[in-house]
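Q: Any chance you can model this:
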Amino acid sequence: MRRLTAPLVRCALALGVLLAPVACGDPGKDKVTIMVPWSGTEFKAFYAVVKAFEKDHDIDVEPQVTRALTQQLDAAVAADAEPDLAVLPSVGAIAKYRKEGALVKLDVDTDAYAQPFRGLGMHGEDVYAVPVKADVKSLIWYDAAVTPRPPADWAALRSRSDSWCLGLESGPTSGWPGADWIADILLADEGVGPYTAWASGEAQWQRGAVKDAWTAWGDLVAGARKDAATFNFRDAAEKMTEKGCSLSHGALSAMSFESAQVKDGGYTYVPSSRETLEVSADFVGKFTGNKSADEFIEYLAGAQAQQAWVNEPGFALSADSRVTEYANTTQGRIAGLLRSSRYTLCFSAADAMDPDVSAAFYRAVLDYTNGKALTPLLEALDKVQKELGYAHPKSPPPPSPLCRPLNHP
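A: As a prediction, this is how the structure comes out:
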């Protein structure tokens, strides 16, 4: 039955899922398919790297672009119609596909990558996914020409009367900007231990540090919640001061800033903590035995491709310690945070959770923003977590690579 459904999935991918199908290449060349979630500027930057690879290799790369990557990849795997490669946007997804036996072990050297990025694509000593694009999410953005420099402390920020730019709409994953924000508050206020316990399913949602972080976020953005659930996250910070908001939270790549705006004296940032940073990455994993896919993924993980990628539009960052040259100085300073001994880097909590738990988290963020009471929402999240077998309140949190200081081996 799975084999019989494969043509149907391929047809669906061709007709309805792919937003940017690539024209057929040379029929005499090997082909590599890769499913990606990027569009617009992000996709153009990635495609420039693809074309550079094709120029020096007798291989055609065919990107398959979809906004609903997790759902479409699930369908493709179930139908034995997997792409050769796919972007895996969360650690939970890496763990899921590895446990299902869908991911193929990689022969790629990731030693040059900073932790926690390197370890989260591994199981033991085996590499199953390579981090090809990184982000720092713990950033507070402001217009230096208009807004006083905000403090790098959530408690101090809550004492100011700044208006926040808030947009939560992001297609099938709407709500994630609020989820990242809540996680950032919890990490900064409570530290690595409570953060890791929560991300690992060892802490309850409806009490303690987790509930406090939700409440703090709700109070912080109270004046910006109207229509935020349907306001696109990229549009929220565009021309901040002209739209009546003065501060925005999140990764540079999530902002719709032009490169010329992100300059000293223009739009700039402060980290939201003096000790910890919430980070994330887009990983690439392999799903078939296509040998040409090994060549492409090794290229994507290499310093040459990484260096080229970060200097394309889109503000990509690299977790590869060999990539240090950035054409945009603000972007380069943010990348430097990934190498700074000052910070402990913690992978995004929602990305580390089971995909069903993170999806419920995103929906709860939207509901909370739309005015629903917090306690029932958190009780429902505890129920989802328990049903998936991730809640073990009597057991200590397991050792986790989610948070690592830079100098951790």
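Q: residues of the lengthiest helix in the chain that come out buried?
A: Scanning the chain for the longest helix, with DSSP state H as the assignment, gives helix 40-56. Neighbour-count burial for helix 40-56 flags 41-43, 45-50, 53-54 (criterion: 16 or more other CB atoms under 10 Å). Placement of C-beta: from N, CA and C, glycine included.
Q: same deal with stretch 77-95?
A: Buried, per 16+ other CB under 10 Å, within stretch 77-95: 77, 79, 81-95.
Q: Over to stretch 276-285?
A: Buried, per 16+ other CB under 10 Å, within stretch 276-285: 276-285.
Q: In strands only, show me these.
A: In strands, judged by DSSP state E, the following of the buried residues of stretch 276-285 are found: 276-285.
Q: got JSON lines for those residues, with pLDDT too?
A: Formatted as JSON lines, these follow (pLDDT from 0 to 100):
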{"residue": "276", "pLDDT": "95"}
{"residue": "277", "pLDDT": "95"}
{"residue": "278", "pLDDT": "96"}
{"residue": "279", "pLDDT": "94"}
{"residue": "280", "pLDDT": "92"}
{"residue": "281", "pLDDT": "92"}
{"residue": "282", "pLDDT": "94"}
{"residue": "283", "pLDDT": "95"}
{"residue": "284", "pLDDT": "97"}
{"residue": "285", "pLDDT": "97"}
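Q: if we take the buried residues of helix 40-56, which one ends up nearest to residue 241?
A: Among these, residue 41 lies closest to residue 241 (CB to CB), at 22.8 Å.
Q: what sits against that closest one?
A: By CB atoms under 8 Å, 6 or more residues apart in numbering, residue 41 lies in contact with 313-314.
Q: And residue 277, by the same measure?
A: Contacts of residue 277 by CB under 8 Å, 6+ apart are 136-138, 271, 337, 343-346.
Q: ok, and the closest non-adjacent residue to residue 404?
A: residue 115 (3.8 Å; CB to CB, 6 or more residues apart in numbering).
Q: sorry, back to before: which two in the contacts of residue 277 are spaced the farthest apart?
A: 137 and 344 (14.1 Å).
Q: Give the residue from these two that has the larger number of neighbours.
A: Taking neighbours as other CB atoms under 10 Å, residue 137 and residue 344 compare with residue 137 leading, 25 against 19.
Q: show me what contacts that one?
A: Residue 137 touches 180, 184, 250-251, 277-280, 348, counting by CB under 8 Å, 6+ apart.
Q: switch the cut-off to 6 Å
A: 180, 250-251, 278 (CB atoms under 6 Å, 6 or more residues apart in numbering).
Q: Distance-wise, check it relative to residue 253.
A: 10 Å (CB to CB, to the nearest Å).
Q: Could you do residue 304 as well?
A: In terms of CB to CB, residue 304 sits 21 Å off from residue 253.
Q: So for these two, which sits in the more crowded spot?
A: Ranked by neighbour count (other CB under 10 Å), residue 304 and residue 253 place residue 253 first, with 24 against 14.
Q: quick check, residue 151 in a strand?
A: No. Assessed by DSSP: H, G, I helix; E, B strand; the rest coil, residue 151 does not belong to a strand; its assignment is coil.
Q: low-confidence ranges in the chain?
A: 1-28, 264-265, 389-401, 406-409 (pLDDT under 70).
Q: Okay, angle between the helix or strand where residue 197 lies and strand 276-286 too, please.
A: According to DSSP states H and E, residue 197 maps onto helix 192-199. With axes from the mean of the first three to the mean of the last three CA atoms, to 10 degrees defining the directions, helix 192-199 sits at 40 degrees from strand 276-286.
Q: Identify each buried residue in helix 192-199, please.
A: Buried, per 16+ other CB under 10 Å, within helix 192-199: 192, 194-199.
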